[in-house]
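Trainee: Sequence and predicted structure below; questions after.
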Amino acid sequence: MAGKNKLRKFAEITSLPNVLEAFTFDDGLLNINDLEKVRMKGQWGVSFFKNPHPIGLELACGKGEYTLGLGRMYLDRNYIGMDVKGNRIWKGAREAIHTGLNNVGFLRSRIEFINHYFDEDEISEIWIIFPDPFLRLRDEKRRLTSKPFLDRYTRLLNDGAFLHLKTDSDALFEFSQKTIHAHPHFSLIEVCEDVDRIGRSEEMAIRTYYEEMHLQEGKSIKYICARFNK
């Protein structure tokens, strides 16, 4: 039954107007539906959102709770949730449609190909919310705050853009501080070991399914904010 439900979501997501999918990851083309393809790099504001507002990007967005929360909070900004799992994106995309959030969209693709889909200066901020920490040493380069990924972000962020990380993983928190501090184009702005201890801002108050689960287990939620400097 679960398998049939997943297949139904995969079939439906292709027809949702606020979702673009990469069926072939390395050519930069995105599927609007089963028949139509588009190259969106450099055109998200004009062609997808049809406005000049700043664009924020949530990586490994899951069901899109943070993408939706930011979209509701800032109606004068656009937000894109990116994840490779279509059955996860399905829920967030449907909620955005049903609640009339026209400033929220979703991209289904692998994050390592991010530079095929976004142009230089196209993104004003990146949010990474409870990503897989990939704790094994051999998986270090798969962490979304590793140097290879930070290098990718430099090719799409505009000057002064912000990079945000929320995690319950001590290992990823410490690793991210080191990689960001060592990177020539990022500066650490804020490092917090427990966002609940100091009081949450509106942005920090958005809670995902995984965050609620971590809090119930007694884990502290850690936060890093960095600024990109060209």
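Mentor: Thanks, I have it.
Trainee: Can you say which helix or strand has the most centrally placed residue in the chain in it?
Mentor: Nearest residue to the geometric centre of the chain (CA atoms, centre = their mean): Glu58, 1.7 Å. Assessed by DSSP states H and E, Glu58 sits inside strand 55-59.
Trainee: same deal with Ile224?
Mentor: strand 222-228.
Trainee: Given that strand, what are its sheet partners and their directions?
Mentor: The strands that strand 222-228 pairs with in its sheet are strand 157-167 (antiparallel), strand 186-192 (antiparallel) (by DSSP bridges).
Trainee: what's the next secondary structure element after the worst-scoring helix or strand of the chain on mean pLDDT?
Mentor: Lowest on mean pLDDT, DSSP states H and E among the helices and strands of the chain sits helix 2-13, with a mean of 63. Going down the chain from helix 2-13, the next helix or strand is strand 19-21, by DSSP H and E.
Trainee: so what does that next one touch, helix or strand wise?
Mentor: Using 3 or more CB pairs under 8 Å, 6 or more residues apart in numbering; DSSP states H and E as the contact test, the elements touching strand 19-21 are strand 30-31, helix 86-98, strand 104-108. C-beta coordinates here come from the backbone N, C-alpha and C atoms, glycine included.
Trainee: List the neighbours of it that are in contact with it.
Mentor: Strand 19-21 is contacted from outside by 13-14, 30-32, 38, 40, 48, 86, 89, 93, 105-109, using CB atoms under 8 Å, 6 or more residues apart in numbering.
Trainee: Closest one to Lys178 out of these, please.
Mentor: Comparing the contacts of strand 19-21 against Lys178 with CB to CB picks out Ser109 as the nearest, at 27.8 Å.
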